[in-house]
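Fold the following for me, if possible:
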Amino acid sequence: MKNAVNDGVWSGSWVAERLGVELVGEDGLRALLGLALRRNPKRAHLLVSNVLGKHVPQSPTVVYGHGYRLGRQVAALLGEAEAGAAVVLGYAETATGLGHAVADGLGTAPYLHSTRRPVAGVARAGGFEESHSHATSHLLLPEDPELLSGQGPLVLVDDEFSTGNTVLNTIRDLHERYPRGRYVVVALVDMRSAEDVERMERFADEIGARVDLVAAASGIVRLPEGVLEKGQQLVGRYESAGRGSGVVDRAHAAVAAHQTQSRAPEGVHQPRRIELHWPHRLPDGARHGFTPAHRARLESALPAMAARIADALPADAYRVLVLGFEELMYAPLRLARELEQVVSAEVRFSTTTRSPVLALDDPGYAIRTRLVFPAHDDPADGPGERYAYNVAGGGFDAVVAVVDSVADTPALHAPDGLLARLAAHTPHVLLAVVPSYVPHASERPAMLPEPLRGPAFSSYAPEEVGWLLQDLSDVTLEAPTEEREEAIQSGGAHYAESLPVEYQPSEQYQELFHTALDTSAARIAQAVGVVTEAVIAERSPRPVLVSLARAGTPVGILMRRWAQYRYGLDLPHYAVSIVRGRGIDANALRWLAAHHDPRDVVFVDGWTGKGAITRELTQAVEEFEAKEGVTGFDPEIAVLADPGSCVRTYGTREDFLIPSACLNSTVSGLISRTVLRADLVGPDDFHGAKFYRELAGADVSVAFLDAVSARFPEVADTVDTAVKELMAEDRAPTWAGWRAVERISEEYGIHDVNLVKPGVGETTRVLLRRVPWKILARAGAGADLDHVRMLAEQRGVPVEEVGDLPYTCVGLIHPKYTRGATGADGKAVSV
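A predicted model of the protein is given here:
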């Protein structure tokens, strides 16, 4: 099975004829590119490179040579001085090997590629999104934090340059952090339209930098009207007919069997493992950076490693494939190129991929066969299919699979794993494992980072609170309501994986906030005093306040201020993340246990509704202590208001307006809700959040704190009396709120307590973040509900007065078709 041209047929002709796609450009462009159909709702076609070493097996000398020559062209363009100061940045997953080869061509340039694999203990130097990709989040994780901060040219390498959106977005992001005067974009093919060329020129003028482009060939892709819909229809037609789906595509089974039957083994062969003797602590690639010194070490070790592979091959092997693994392209490419020099067999190189592409056995189509197998490196974004294209039916009598040690898992060796899939199509499967390079070699970082503090993170003073979070301010997490809620309700996304767009209050609403603050400041001050006195008396004389970000954080600061006002205590205060359905941030608990006595830790929140977070925290602390062997944390929350009767430590059980519930980040230090997404938060990282610096003009966070703490002197005597009364009461939680929610859920035909949001605070959140069905208001409720009535009117939500409501109000989320209906596990509620 040939690649670029099959029996004189261009490997893009099938798609071109059926979709009307035209590939127009320089001579030789069709030798570089074929076409296939993407199983992707964002873009119908895929430009399939014949020289990249990803989807199409190719001579490793050809693959490496294209990248190396591009690097030499960049060196000539820059001149000796600038080339010596350049840094190369490549894109995962397809261009990781190409970027390495370009850096080799430059000679003296260090190289870094983006990655979709979070690595604990390595700080992010940036990240970006890829507009057309099936998997978008790219991380930059250099071991050397200064790698991207130099003044020399930045060379950005991708396999193709189409619209230029991804590259220009990367430059824009990096230029804000590390401005420089020159950028060079490198690609195998430049497929921009005239408009895209002009846009890049305007972009360069806007940032005040020179942006050049170097490519092996150029052209354009002409797409007819409706190509996306037509492409999706074609994919659907062929997959439903069984010609483009399955563990091994059915249409290719006969071809594969015919091409391998003369060499097929009688039984299943376990893959032979090759010990490469990879040099100690030599990076397996450029996920964390790859320097000229690393390159020199690799090149000195390559002959011996290639010889070990050659010795393991069958003596009569005549067609050998070296198969890389997703982002791991450069190490297997260099091994394959070295092997090609020392064996008589024909050697080819390609790589497995995440990219879903329709396979079709036609000479005019670029992806003839497809092997499908489960991911085997425990990916951060969860399990999924992976693919090896044009391997089945390729006539290979030996395949050398090269993976890193993270990917050498039981899933790799499983009956449906990659190795078994390969064994069905070749008589000899060999496995070479390259040690995964981690800058910090310990299993867990020896030290977690110190807390974030204002003014660098939040508008609060640094002594008021330390945030046990990581700063994700540079990541776009806000999703349009429709997309966000569709993802949540489909069950495929958790509410903590994205952020709602921050509510921007009207002038009328801001006036209402200030009026409510003037009215309730003394009542809040009293509740702050009562709960703080109860904590000091019953929990610890010097408590460590740990507020649940973000609603609990203003309350934690106020409690800290009360302890300072009344006793001169300077209490430590931290904010941590807790996520419904996923528990509290275990790394934050580890940090607290390492710096304080867990018995002194008091968790703080704003209010209780039906008690879901109270139960979540109890379970999470129990699981943490059982797993970590750390004891002493008391999971009971101290809250300002406990209308649900869920806790013992509270300032009041009245359900009244706490003005901090009226707003989002602008009353919470300009901090977002917390985020827990696998591609951004590794297993040993703190959960994340954003600092909305741009909302500083609307920030009332400190004004709220000052207004309440100014009332401390006038409520001090009342607090003393209230504390004595509190201590004499039976404060055992009755969970009356939970029972009321269950009753309301049944009476209104909702049948799910997670769609009932009780209390003023929770009702306010429903109106600010969700699409509520209706609001239940206790008859006679006064000014505490002015802001609720205003928001309900703005949202067109009916307010129904109820006589026997145990809360001041309750927000109901519609059980069907509503955006934002999430259940106890943070995902969609199905009814």
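
and the residue nearest to Ser13 when sequence neighbours are not counted, backbone torsions?
Nearest non-adjacent residue to Ser13, counting by C-beta to C-beta, 6 or more residues apart in numbering: Gly364, 3.7 Å away. Heads up, the C-betas are built off the backbone N, CA and C, glycines and all. The phi and psi torsions at Gly364 (degrees, to the nearest 10) take the values phi -90, psi 20.

Read off the pLDDT value for Gly364.
If you check Gly364, the pLDDT there is 95.

who touches it in this structure?
Each residue near Gly364 by C-beta atoms under 8 Å, 6 or more residues apart in numbering is listed here: 6, 9-14, 17.

how close does it get to Tyr183?
Going from Gly364 to Tyr183 by C-beta to C-beta, to the nearest Å gives 38 Å.

for Glu622, same thing?
Distance from Glu622 to Tyr183, by C-beta to C-beta: 52 Å.

Which of these two has more residues huddled nearby?
Under the neighbour definition other C-beta atoms under 10 Å, Glu622 and Tyr183 were set side by side, and Tyr183 has more, 24 against 13.

That one belongs to a strand, doesn't it?
Yes. Assessed by DSSP: H, G, I helix; E, B strand; the rest coil, Tyr183 belongs to a strand.

For the nearest residue to it once chain neighbours are set aside, the count of nearby residues, please.
Of all residues not flanking Tyr183 in the chain, Val211 sits nearest, at 4.7 Å (C-beta to C-beta, 6+ apart). Residues within reach of Val211, counting by other C-beta under 10 Å, total 20.

so Val211 makes contact with Asp205?
No. Using C-beta atoms under 8 Å, Val211 is not in contact with Asp205; the gap is 9.5 Å.

Contacts only, for Arg222.
Arg222 neighbours (C-beta under 8 Å, 6+ apart): 21-22, 24.

Need the buried ones from those residues selected in PyMOL.
A single PyMOL command selects the buried members of the contacts of Arg222 (16 or more other C-beta atoms under 10 Å):
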select buried, resi 21
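
of all the contacts of Arg222, which comes closest to Ser240?
Of all the contacts of Arg222, the one sitting nearest Ser240 is Val21; the distance, using C-beta to C-beta, is 22.3 Å.

what sits against the closest one?
Contacts for Val21 (C-beta under 8 Å, 6+ apart) come out as 12, 15, 35, 45, 221-224, 227.

Now rank those by neighbours and give me the top one.
Neighbour-wise, these (other C-beta under 10 Å) top out at Val15, 28 neighbours.

the bottom helix or strand of the protein by mean pLDDT?
When the helices and strands of the chain are scored by mean pLDDT, DSSP states H and E, helix 253-260 comes last with a mean of 36.

pLDDT score for the residue nearest to the spatial centre of the chain?
Centrality entry for the chain: nearest residue to the mean C-alpha point is Asp679, 3.0 Å, by C-alpha atoms, centre = their mean. As predicted, Asp679 sits at a pLDDT of 73.

so it sits right up against Ala380, yeah?
Yes. Counting by C-beta under 8 Å, Asp679 does reach Ala380; the two are 5.0 Å apart.

returning to what we had before: tell me how far the residue nearest to Ser13 lies from Arg43.
Computed as C-beta to C-beta, the Gly364 to Arg43 distance reads 20 Å.

ranges for the helices of the stretch 401-550 of the chain?
For the stretch 401-550 of the chain, the helices defined by DSSP state H, counting those that start in this stretch cover 410-413, 418-423, 481-489, 507-538.

and the first one, which residues are buried?
Applying a neighbour-count criterion of 16+ other C-beta under 10 Å, one finds 411-412 buried in helix 410-413.

now what about it, what contacts it?
By C-beta under 8 Å, 6+ apart, the list of residues contacting helix 410-413 reads 271, 374-376, 378, 403, 417-420.

just the second one next, same as before
Helix 418-423 is contacted from outside by 247-248, 268-269, 271, 323, 352, 371-373, 376, 386, 388, 391, 399, 401, 412-414, 429, 431, using C-beta under 8 Å, 6+ apart.

Buried only: go through these for me.
Neighbour-count burial (16+ other C-beta under 10 Å) applied to the contacts of helix 418-423 gives 248, 271, 323, 352, 371-373, 376, 386, 388, 391, 399, 401, 412, 429, 431.

So which of the contacts of helix 418-423 are in strands?
Counted as lying in strands by DSSP state E, out of those, are 323, 352, 371-373, 386, 388, 399, 401, 429, 431.

Between those, which sits nearest Leu705?
When the ones in strands among the contacts of helix 418-423 are compared for distance to Leu705 (C-beta to C-beta), Arg386 wins out at 51.1 Å.

quick one: pLDDT of the closest one?
The model's pLDDT for Arg386 equals 96.

In contact with it, which residues are there?
Counted by C-beta under 8 Å, 6+ apart, Arg386 has contacts 326, 352-354, 372-376, 418.

So for Asp679 and Ala380, which residues contact both of them?
116, 118.

Checking the residue nearest to Tyr183 next. Helix, strand or coil?
Recorded secondary structure, Val211: strand (three-state DSSP).

what's near enough to touch it?
For Val211, the contact set (C-beta under 8 Å, 6+ apart) comprises 171, 182-185, 200, 203-204.

That one and Arg739: what is the separation?
Distance, Val211 to Arg739, using C-beta to C-beta: 64 Å.

cool, and Asp597?
Distance from Asp597 to Arg739, by C-beta to C-beta: 36 Å.

same thing with Gln510?
For Gln510, the distance to Arg739 - C-beta to C-beta - is 37 Å.

mind listing what Val391 touches?
Contacts for Val391 (C-beta under 8 Å, 6+ apart) come out as 57, 321, 323, 350, 369, 371, 399, 422, 425.

my read: the fifth one touches Phe396, true?
No. Proximity of Thr369 to Phe396 does not meet the contact threshold set by C-beta under 8 Å, at 11.6 Å.

Just want to know which of the two has more residues nearby.
Between Thr369 and Phe396, counting by other C-beta under 10 Å, Phe396 is the more crowded of the two (28 against 23).

Let's verify the more buried one: helix, strand, or coil?
coil.

got the phi/psi numbers for the closest residue to it other than its chain neighbours?
The shortest distance from Phe396 to any residue other than its chain neighbours is 4.5 Å, reached at Leu321 (C-beta to C-beta, 6+ apart). Note on Leu321: its backbone torsions stand at phi -110, psi 130 [degrees, to the nearest 10].
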